[in-house]
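Asker: I need the structure of the sequence given here:
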Amino acid sequence: MRRISGLQCYPSSVSETTKLQVGVFAGGEISAATGGWLTIENPFDHTIVGEAPDGNHEDVDRAVRAAREAFDRGPWPRLTPAERAVWIDRLADEIEARGAGTADLITAEIGQPISLARGMNAIRPVQHLRYYARMARELHVEQERQNVDREGSSLHLRQPLGVAALIVPWNHPQSSTTLKLGPALAAGCTVVIKPAAESPLDIFNLAAASQAIGLPPGVINIVTGGRETGRALVAHPGVDKVAFTGSTAAGRHIAAAAGQRLIPATLELGGKSAAIVLDDADLDQVMTSLRYASFGNTGQNCVSLSRILVPAHQHDGVVDRLVELARSLSMGDPKDTATEVGPLVSAVALARVSAMVDRAVAAGATVLAGDTPAPNDGYFYAPRVITGAAADSEIAQHEIFGPAITVHAYADVDEAIRVANATSYGLGGAVFGADEDAVLAVARRVRTGSIGINGYRPDLGSPFGGVKDSGLGREFGPEAIENYRESTSIFR
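Answerer: Numbers count the residues shown, from 1 in each chain. Down below sits the predicted model:
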């Protein structure tokens, strides 16, 4: 394992005995932090995975100053988009080479099943970066426009915004980072990344990768920590843009702080997505889809289809199928490639999910399944199917962020759409049915940022984001690059 400034850097692989200790990555170097420390516990076996700084204002300032220097005086924003694309592709190559170690470390950090970690946090980030490298090669930075009020033309410039703060969640830490990093780098921004307090170690693959390719210092900077670190980053006068994925409550604070400073913010927040099952839906297809769309990543997905809306006359039969599905999920050691449901990320998460389901039962709901035996004393919560919860109850209105779903009967399609829309969130969703025109007609009436037909499979080429309490702005697609650019008009 390499050591930089006395700190253990990102390894090529992670063993049972590896303990990582990282610092602040600023200006191309990792150095010691001045704040406290976060200790990262493996949620499966409670071993200590490593330590990361709980960054203070001084640590944040160091990272932002490095990004500011790189933007104001360095080469990055002055390269052509095609030149930046070459660097982004090289970064993707280095991250790909570290994919196995990244996946192993994420499984240790957050308990994510290894088969999912390899896909979502080793392969997918590389795809993100290569996609935005392609987009960068097609990017236009100047456009001649004919004047409307007079003869002649004016020049429209699209220029990088500056220093972007990327605040990313723990549930898919790598892919949530590259979804922001790719378009930010393509646009010409420099960045300061703050990972979640639950997963502050794996992000240092970016530090190692950027050092390996000789990326200009200060283009990518990393500061770890909790809420106070995030607040300091958003409030820093050297930050020109914030991109955040996380809870709606935190998003409100960030939006307020960004608004006070009059800087743009892209916010991808919570969700309470509905799966509407129409009369003619293929239930085998529904169950296959919900296996991941509802229970994948142990239910710790912002777009989880956690509300299942079914025709009243099919309710009991669908519930039986869902209970069978919940019990068939393999729950166990997240390092085992056969495991589908691992532990929840922490003791706090386990207590929160358990308490929420307990309150639903106290309010009259019925909990089915939930009897899959846990393999050890990790933070396990067996998959559950909840019936009899009112559509306006807490558990049907707020994120569970665990392997539990609610099932609701509807009398007709209009009621199904009304229930689907009767939440403050609007991030994802799905409609299942055999008649494509009828399915599409229902999908058009659901107020959400994205929705799937006979499944929920987001595509990188199309915008992704939420409405209502699920956020502001869009990621994915070429549109995401515009989150990191501003307009300048030169009138002639």
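Asker: assign V407 to helix, strand or coil.
Answerer: On the three-state scheme (DSSP: H, G, I helix; E, B strand; the rest coil), V407 is labelled strand.
Asker: so it is in contact with D320, correct?
Answerer: No: between V407 and D320 there is no contact, the gap being 10.6 Å when judged by CB atoms under 8 Å. In this view, the C-beta of every residue, glycine as well, is placed from N, C-alpha and C.
Asker: these two - which one has more neighbours?
Answerer: Neighbours were counted for V407 and for D320 using other CB atoms under 10 Å; V407 has more, 24 against 12.
Asker: I'd like the distance between the most centrally placed residue in the chain and T366.
Answerer: For the chain, the residue lying nearest the average C-alpha position, counting by CA atoms, centre = their mean, turns out to be S176 (4.0 Å). Separation of S176 from T366 (CB to CB, to the nearest Å): 35 Å.
Asker: also V353?
Answerer: Shown here: V353 relative to T366, a distance of 17 Å by CB to CB.
Asker: give me the more crowded residue out of these two.
Answerer: Neighbours around V353 and T366, counted as other CB under 10 Å, are more numerous at V353. The numbers are 23 against 13.
Asker: got the contact list for the more buried one?
Answerer: Neighbouring residues of V353 by CB atoms under 8 Å, 6 or more residues apart in numbering: L344, Y381, I400, F401, G402, A404.
Asker: quick check: of the residues you listed, which lies closest to A187?
Answerer: The shortest separation between A187 and any of the contacts of V353 is 31.5 Å, and it belongs to F401 (by CB to CB).
Asker: read off the pLDDT value for the closest one.
Answerer: Looking at F401, its pLDDT stands at 97.
Asker: residue contacts, it?
Answerer: Residues in contact with F401 (CB under 8 Å, 6+ apart) are G299, Q300, S304, A349, R352, V353.
Asker: what do you get for T34?
Answerer: T34 makes contacts with N56, E58, D59, as judged by CB under 8 Å, 6+ apart.
Asker: now do 10 Å
Answerer: Residues in contact with T34, defined by CB atoms under 10 Å, 6 or more residues apart in numbering, are G23, V24, P53, G55, N56, H57, E58, D59, R62.
Asker: now the buried members of those.
Answerer: When these are checked for burial by 16 or more other CB atoms under 10 Å, the buried set is G23, V24, P53, G55, N56, H57, D59, R62.
Asker: which non-adjacent residue is nearest the fifth one?
Answerer: This means N56. The shortest distance from N56 to any residue other than its chain neighbours is 3.6 Å, reached at G35 (CB to CB, 6 or more residues apart in numbering).
Asker: thinking again about what came up before, so the residue nearest to the centre of the chain makes contact with A196?
Answerer: Yes: look at S176 against A196 with CB atoms under 10 Å: they come within range, at 9.0 Å.
Asker: overlap in contacts, these two.
Answerer: When contacts are counted by CB under 10 Å, 6+ apart, S176 and A196 are jointly contacted by I167, V168, P169, W170, T245, G246.
Asker: for beta bridges, what are the partners of the fifth one?
Answerer: Per DSSP bridges, residues listed as beta-bridge partners of T245: E268.
Asker: quick check: it touching G473?
Answerer: No: under the criterion of CB under 10 Å, T245 lies out of contact with G473, with a separation of 11.1 Å.
Asker: just want to know which of the two has more residues nearby.
Answerer: When T245 and G473 are compared on other CB under 10 Å, the one with more neighbours turns out to be T245, at 24 against 19.
Asker: what sits against V163?
Answerer: Under the criterion of CB under 10 Å, 6+ apart, the contact partners of V163 comprise 63-72, 184, 189-192, 218, 221, 236, 238-241, 263.
Asker: and with 6 Å instead?
Answerer: Taking CB atoms under 6 Å, 6 or more residues apart in numbering as the contact definition, V163 lies against A67, R68, F71, T190, G238, V239, D240.
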